[in-house]
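S.K.: sequence first, predicted model second:
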Amino acid sequence: MASALDITTIRDIGIMAHIDAGKTTTTERILFYTGITHRMGEVHDGAAVMDYMPQEQERGITITAAATTCIWREHRINIIDTPGHVDFTVEVERSLRVLDGAVAVFDAVSGVEPQSETVWRQADRYRVPRLAFVNKLDRVGATLELTVNMLRDRLAAHPMVAQIPIGLEGEFSGIVDLLDLEVLRFEGESGEKVVRSPLAACGDDALIEAAHAARLALIEAVGEVDDEVMVAYLEQGADVSAAVLRPAMRRATIANRGVVVLCGSSLKNKGVQPLLDAVIEFLPAPSDMPPVQTHRTSDGALVERSPRYEEPFLALAFKVLFDPHRGPLVFFRVYSGKLRIKDALQNTSRSRKEKPQRLLQVHANKTTEIDEVGVGNIAAAVGLKFTSTGDTLILADDKESVVLAGMQIPEPVIFRAIEAKTAADQSALDEALARFLREDPSFRVQQDRDSGQTLVCGQGELHLEIIIDRLMREHRLEVHVGKPQVAYRETLARPFKKTLEYEREMGGKRQYAKVTLELTPRERGSGNAFESTVPKTPSGQPGLPPVFVQSCKTGNEDALTRGPLLGYPVVDVGVTLSGAMFRDGDSSDASFQAASAMATMQAFEEAGAVLLEPTMAVEVVVPDDFTGNVVSDLNGRRGRIMGMEPARAAVEGGRSTAQIVRAEVPLAEVVGYATAIRSATQGRASYTMQFSHYEEVPKDVQAAIIARLRGY
């Protein structure tokens, strides 16, 4: 086993970006240059090592986060290549939850794109230090300045530009390292040989002048977030050495005060080796991270665990993947201590004992068996029967049981009915769906109360399309699938106060409860809330025993799971229990639950309910000739045009030949939008779409939706 000192030579990183920015291509180069693979797999050929699923190879996109490990400069780098498509954003979410650092890849033509912004915000939430790699500088219209400005303006980041390109577009031939003022060229058949030479000897006066100006800007940017560099800058001006800048840039990166910006072209094999150097120089080791915070399961007290081998074993399961031969593989990140193959585990999230049969080091869809795994590393275990995404694992004989915080899983916005073609296949379908549920926490399965149909619920059309495709390929199941349906929500139309007295006789025993509920609509997206303001008695005692207050809350929550219009969940409602009466001997938990639930439902019937629909943020890149068609089509879909701007990706003769149209459109109106936009633009436009928020449905549209879904 490695010693505790080796923790400083580990890097746990993720590669994240918008779809088609070059994440997987960059990862393939990393694997090649570190000697893990002997040939570069290309995404467009369906041969990328990290895109090993048939669905990924056919579509040329990453669907599931793939893990691998490589060695660079005697450092172990654990890498997770994450998807860029918004339908699979939960893969990014759960990867970022367990990573110490990330490389954000940006397209030098498009800059910060919508999904880039989404994953950046996810990294902000988990406070993950980042590097920015501006890719595709060989493309027409590429520029480093665009992405740097968008990092600053759109992402509120503090860029520290450490490299500048030599030439752009077809003339892109290398990069300048601003720290050491060296020219880097990439030679050999696959760019494997990095040739460094002094900037002063390059013979290009314009490049030398641009590099010195860029280095001064780098010193100023670092000085803004590091006092040591600021002092050196005031004393030495532009002569601040790399020996002072490098540790300062590392400090700023780890503290999330700045983002080191690098550049290159992964497809053309330029800039990847310096990116690996930067991962080691600027991103944190597990030992650089603060102690992880857990909560004791017995009393909820805060317990900190440091990243050391001497601490008790603590790990978080962040992914479950079913292997056809070995069953579920549970991927986990070790935060402290070590796990040997003979050790028994306790899943503190589910209060279950587990015993791993094998421990594996994972390389995409290939694995190597290992005897133990220590702090800072990512591995997979075979034989864990109960563990799912977000569960905490400790050793079974640990004296202190603790649990880590889980992760935020987005709610589904679209669903489809599904059924087996034959009754004999139903049990196999149920088993397959149960596997997908354990693999993918953003996927849901539920029964429609009215029709009895099985509904599969997901983050978008592509998400459900992939699930259904996997059912057919991996499980060889033939299924009937309904059209995509929108996951609506319901809320209260206006404030309402309801008093209800519940008096029944059940099984020879009287049941009594009286409640007064005040219901008010809340701000959109704020969720439901319940509070009690029942006045105390003259003697200072609670006006309603706390156990009955909890009963009222439970009854209210039960009633809000199914709205009065179409049975969708009720959201954004505040409920105040302002009055209550009980009788000794006649009042019980059941009577107050029933009274609260009935009062809530009757309040909705009398005050009225409103239907809410998911609204999508849509961004369309369209040639000028078809802009009018796209805008007209979006308006016809009840869309709101939020803005238009020239597309940097299409510049000809100094003028833009395409527009970026941004709009907010109800999801119900853009189901199947891919076909419509191809027809409207002769296949020349592209679009991205992600969930934005829930919004009230206009009254006339609401009436039509209710009539359609109720079948009259």
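M.R.: Nice, thanks for sending it over. Residues are numbered from 1 along each chain as shown.
S.K.: buried residues in stretch 399-410?
M.R.: Within stretch 399-410, the residues scored as buried using 16 or more other C-beta atoms under 10 Å are 401-404, 407, 409. Yep, even glycine has a C-beta here, placed from its N, CA and C like the rest.
S.K.: which residues touch that stretch?
M.R.: Contact with stretch 399-410 is made by 89-90, 93-94, 97, 125, 292-298, 303, 305, 312, 314, 316, 318, 335, 346, 348-349, 389-390, 392, 394, 441-442, 459, 691, as judged by C-beta atoms under 8 Å, 6 or more residues apart in numbering.
S.K.: centroid-nearest residue for this structure?
M.R.: residue 93 (2.9 Å; C-alpha atoms, centre = their mean).
S.K.: give me the sheet partners of the lengthiest strand in the chain and which way each runs.
M.R.: Longest strand in the chain, counting residues (DSSP state E): strand 609-623. Using DSSP bridges, strand 609-623 pairs in its sheet with strand 489-492 (antiparallel), strand 658-666 (antiparallel), strand 686-696 (antiparallel).
S.K.: lowest mean pLDDT across these, which one is that?
M.R.: Confidence, taken as mean pLDDT, is least for strand 686-696 of these (a mean of 84).
S.K.: show residues contacting that one.
M.R.: With C-beta under 8 Å, 6+ apart as the criterion, strand 686-696 contacts 18-19, 86, 89, 113-115, 118, 410, 413, 459-460, 489, 491, 524-525, 571, 610-621, 664, 666-667, 670, 673-674, 677.
S.K.: name the next helix or strand downstream of it, please.
M.R.: Using DSSP states H and E, the helix or strand that follows strand 686-696 in sequence is helix 699-710.
S.K.: summarise which helices and strands that next one is packed against.
M.R.: Using 3 or more C-beta pairs under 8 Å, 6 or more residues apart in numbering; DSSP states H and E, the elements in contact with helix 699-710 are strand 609-623.
S.K.: and the angle from the strand it packs on to helix 699-710?
M.R.: Here strand 609-623 points in a direction 100 degrees away from that of helix 699-710 (axes from the mean of the first three to the mean of the last three C-alpha atoms, to 10 degrees).
S.K.: how far is strand 609-623 from where the chain is centred?
M.R.: Averaging C-alpha positions (C-alpha atoms, centre = their mean, to the nearest Å) puts strand 609-623 20 Å from its chain's average.
S.K.: I'd like the average pLDDT over the helix or strand just after that strand.
M.R.: Helices and strands here follow DSSP H and E; after strand 609-623, the next one along the chain is helix 627-636. For helix 627-636, mean pLDDT is 92.
S.K.: who touches the helix or strand following helix 627-636?
M.R.: Downstream of helix 627-636, the first helix or strand assigned by DSSP H and E is strand 640-646. For strand 640-646, the surrounding residues in contact (C-beta under 8 Å, 6+ apart) are 627, 631, 634-635, 656, 658-665.
S.K.: let's have those residues in a markdown table, adding neighbour count and distance to residue 237.
M.R.: Shown next, in a markdown table, are these (neighbours: other C-beta atoms under 10 Å; distance: C-beta to C-beta, whole Å):
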| residue | neighbour count | distance to residue 237 |
| --- | --- | --- |
| 627 | 18 | 49 |
| 631 | 18 | 52 |
| 634 | 24 | 53 |
| 635 | 13 | 56 |
| 656 | 16 | 40 |
| 658 | 23 | 44 |
| 659 | 20 | 44 |
| 660 | 20 | 41 |
| 661 | 23 | 47 |
| 662 | 16 | 43 |
| 663 | 23 | 49 |
| 664 | 17 | 49 |
| 665 | 22 | 53 |
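S.K.: and the residues you listed, which is closest to residue 468?
M.R.: Residue 468 has its nearest neighbour among the contacts of strand 640-646 in residue 665, at 24.4 Å by C-beta to C-beta.
S.K.: that closest one bridge partners, please.
M.R.: residue 616.
S.K.: was I right about it contacting residue 636?
M.R.: No - the criterion here is C-beta atoms under 8 Å, and residue 665 misses it with residue 636 at 10.2 Å.
S.K.: neighbours around residue 286, how many?
M.R.: Each residue near residue 286 was counted by other C-beta atoms under 10 Å, and the total is 23.
S.K.: can you pull the contacts of residue 340?
M.R.: 371-372.
S.K.: sorry, back to before: buried stuff in whichever strand or helix holds the residue nearest to the centre of the chain?
M.R.: Using DSSP H and E, the element containing residue 93 is helix 89-98. Neighbour counts over helix 89-98 (16+ other C-beta under 10 Å) mark 89-98 as buried.
S.K.: which elements pack onto the helix or strand encompassing residue 134?
M.R.: Using DSSP H and E, the element containing residue 134 is strand 130-135. Counting contacts by 3+ C-beta pairs under 8 Å, 6+ apart, strand 130-135 packs against helix 23-33, strand 101-107, helix 144-153, strand 259-263, helix 272-282.
S.K.: could you list the low-pLDDT ranges of the stretch 401-550 of the chain?
M.R.: Applying pLDDT under 70 to the stretch 401-550 of the chain picks out residues 449-451.
S.K.: tell me where it has helices.
M.R.: 426-439, 461-474, 546-559 (DSSP state H, counting those that start in this stretch).
S.K.: which secondary element of this structure has the worst mean pLDDT?
M.R.: strand 651-652 (a mean of 44; mean pLDDT, DSSP states H and E).
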